[in-house]
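*Asks:* Below is the structure, and that's it, no one-letter string:
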């Protein structure tokens, strides 16, 4: 069945990374159960994200394209405006020739729900409202301990529990995400007066903010703003209308559409800290492995977090399928993934920290690149995964 002696896997975290990992492991023939601390799928429902071409390609290898293209809307071009609202650039975005590879804009909670429905359709058990409290490793298995007093045993435990990962804290106590210099605001409006081309995502280099927005086919505007300022206190997330009032004076310094879009938003605005994990963090021990933000969280400036997690899911499943034993599989997974995801941490953090230094302005967004040949081979389900990238044909 597989290259390793693993048959049963526990996935901790039912978000994007965890559910995608479960889909990949299920496709590879493993017995997978997902444990999610939240009682439902609505975590971070106020935030939206984009899946890039590489993320959509990974979804295709997981046979989950239809589940995701049923929600959200495609993005086919990228516009850049200056602080006065004057267009500086407008170019195609991603693999526009293939509709299934188009960038996609969607709400995080809706993506979570879609992936979870697909996992359930394939018979993957998903237990909600169960919080991990401890992990015990043995020579022939691993045991997860939960807050309700129950335990679960398996051959392998995958920590996909996000930015504030309990699995990471157990694996490497004290390794936590650090603030990368920006607060991120997210909101929605159905009444903003914008007339953007269909399928465009627009970035505005403001004098005090970086602002981005896209208009859905139904006429709803999804928007975000990145602001260089002090970190939010406590858990770093807030759902309050008051945060919009803090943002508006910054946007009104410019003549772009940004202030009008944010002012037209109804309801709460989500505000969160942009954070990142340090480079070189430990990803695995004997029978425990981290994926997604639990392993390599980056600031959201490149918009690659979800897509990187989907790539992880494919490469992990292939590594366990194709390499002989857990040590070899874990080493191959890390060899293929670490250079790519840590490059993303570095680039994304650099964009966040550059902020609005007018003397040395950084890019508003990293220009997306098409997947290279090595990544295409890594993601191709029917192509065996080598022990190291240097061994790829």
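*Replies:* Thanks, I have it. Only a predicted model underlies this, so the values are computations on that prediction, with no experimental measurement involved.
*Asks:* for the stretch 51-200 of the chain, which spans come out with low pLDDT?
*Replies:* Where the stretch 51-200 of the chain drops to pLDDT under 70, the residues are 95-96.
*Asks:* All the strands of it, residue numbers only.
*Replies:* Using DSSP state E, counting those that start in this stretch, the strands assigned to the stretch 51-200 of the chain run over residues 73-75, 77-81, 87-92, 103-107, 126-128, 132-138, 141-146, 151-154, 156-159, 178-189, 200-205.
*Asks:* Adding distance to residue 119, write the ones you listed out as a markdown table.
*Replies:* C-beta here means a position set from N, CA and C on the backbone, and glycine is covered the same way. What follows is these, written out as a markdown table (distance: least, Cβ to Cβ, whole Å):
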| stretch | distance to residue 119 |
| --- | --- |
| strand 73-75 | 23 |
| strand 77-81 | 32 |
| strand 87-92 | 33 |
| strand 103-107 | 17 |
| strand 126-128 | 6 |
| strand 132-138 | 18 |
| strand 141-146 | 18 |
| strand 151-154 | 17 |
| strand 156-159 | 14 |
| strand 178-189 | 26 |
| strand 200-205 | 29 |
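*Asks:* and those strands, which is most packed in?
*Replies:* Among those, ranked by average contacts under mean count of other Cβ atoms under 10 Å, first place goes to strand 156-159 (a mean of 28).
*Asks:* what lines up beside it in the sheet?
*Replies:* Note on strand 156-159: by DSSP bridges, its sheet partners are strand 8-12 (parallel), strand 288-290 (parallel).
*Asks:* What are the buried residues along the longest one?
*Replies:* It refers to strand 8-12. For strand 8-12, burial by neighbour count (16 or more other Cβ atoms under 10 Å) applies to 9-12.
*Asks:* ok, of those residues, which one's closest to residue 22?
*Replies:* residue 11 (5.1 Å; Cβ to Cβ).
*Asks:* Help me confirm that that closest one comes into contact with residue 35.
*Replies:* Yes: using Cβ atoms under 8 Å, residue 11 is in contact with residue 35, at 7.1 Å.
*Asks:* Can you tell me the centre-most residue of this protein?
*Replies:* residue 306 (2.2 Å; Cα atoms, centre = their mean).
*Asks:* Look at that residue and tell me its secondary structure.
*Replies:* helix (DSSP: H, G, I helix; E, B strand; the rest coil).
*Asks:* how about it, what does it touch?
*Replies:* 16, 49-51, 55, 108, 111 (Cβ atoms under 8 Å, 6 or more residues apart in numbering).
*Asks:* Kindly recompute the last result at 10 Å.
*Replies:* 15-17, 20, 49-52, 55, 58, 104, 106, 108, 111, 292-293, 300 (Cβ atoms under 10 Å, 6 or more residues apart in numbering).
*Asks:* So for it, what's the pLDDT?
*Replies:* Turning to residue 306, the model gives it a pLDDT of 96.
*Asks:* which stretches of the protein form helices?
*Replies:* Listed in chain order, the helices of the chain (DSSP state H) span 16-27, 53-61, 65-69, 108-121, 166-171, 241-251, 258-263, 293-296, 305-322, 326-354, 373-379.
*Asks:* Ok, which of those comes nearest residue 132?
*Replies:* The nearest among the helices of the chain, by Cβ to Cβ, is helix 166-171 at 4.9 Å.
*Asks:* tell me which residues of the closest one are tucked away?
*Replies:* Buried, per 16+ other Cβ under 10 Å, within helix 166-171: 166-171.
*Asks:* now swap in stretch 376-386 and tell me
*Replies:* Those would be 377-379, 381, 385-386, for stretch 376-386 by 16+ other Cβ under 10 Å.
*Asks:* Show me what it is in contact with.
*Replies:* 3, 24, 27-28, 54, 57-58, 60-63, 310-311, 314-323, 329, 332-333, 335-337, 340, 370-372, 389, 391-393.
*Asks:* what's the straight distance from one end of it to the other?
*Replies:* In stretch 376-386, first residue to last residue: 13 Å (Cα to Cα, to the nearest Å).
*Asks:* The nearest residue to residue 210 once chain neighbours are set aside bridge partners, please.
*Replies:* Distances taken as Cβ to Cβ, 6 or more residues apart in numbering place residue 226 nearest to residue 210, at 4.4 Å, with adjacent residues excluded. Note on residue 226: beta-bridge partners by DSSP bridges are residue 184, residue 210.
*Asks:* For burial, what's the neighbour tally of residue 260?
*Replies:* 17 (other Cβ atoms under 10 Å).
*Asks:* Using TSV, lay out the buried residues of strand 8-12 together with distance to residue 187 and pLDDT.
*Replies:* Output for the buried residues of strand 8-12, formatted as TSV (distance: Cβ to Cβ, whole Å; pLDDT from 0 to 100):
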residue	distance to residue 187	pLDDT
9	38	98
10	36	98
11	32	98
12	31	98
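*Asks:* Next, show the common contact partners of residue 11 and residue 35.
*Replies:* What both residue 11 and residue 35 touch, as defined by Cβ under 10 Å, 6+ apart, is the set 18, 126, 157, 160-161.
*Asks:* Please report phi then psi for the residue located most distally from the centre of the chain.
*Replies:* Taking Cα atoms, centre = their mean, the residue of the chain most remote from its mean C-alpha position is residue 139, at 32.7 Å. With angles defined as degrees, to the nearest 10, residue 139 shows backbone torsions of phi -70, psi -30.
*Asks:* and what of residue 39?
*Replies:* phi -70, psi -10.
*Asks:* Now it. Nearest residue, chain neighbours left out?
*Replies:* residue 129 (4.4 Å).
*Asks:* and the one you found, how many residues sit next to it?
*Replies:* 13.
*Asks:* Quick check: it vs residue 162, distance?
*Replies:* 16 Å (Cβ to Cβ, to the nearest Å).
*Asks:* ok, now residue 253?
*Replies:* 35 Å.
*Asks:* With neighbour numbers in mind, choose between those two.
*Replies:* In terms of neighbours (other Cβ under 10 Å), residue 162 is the more surrounded of residue 253 and residue 162; the figures are 24 against 14.
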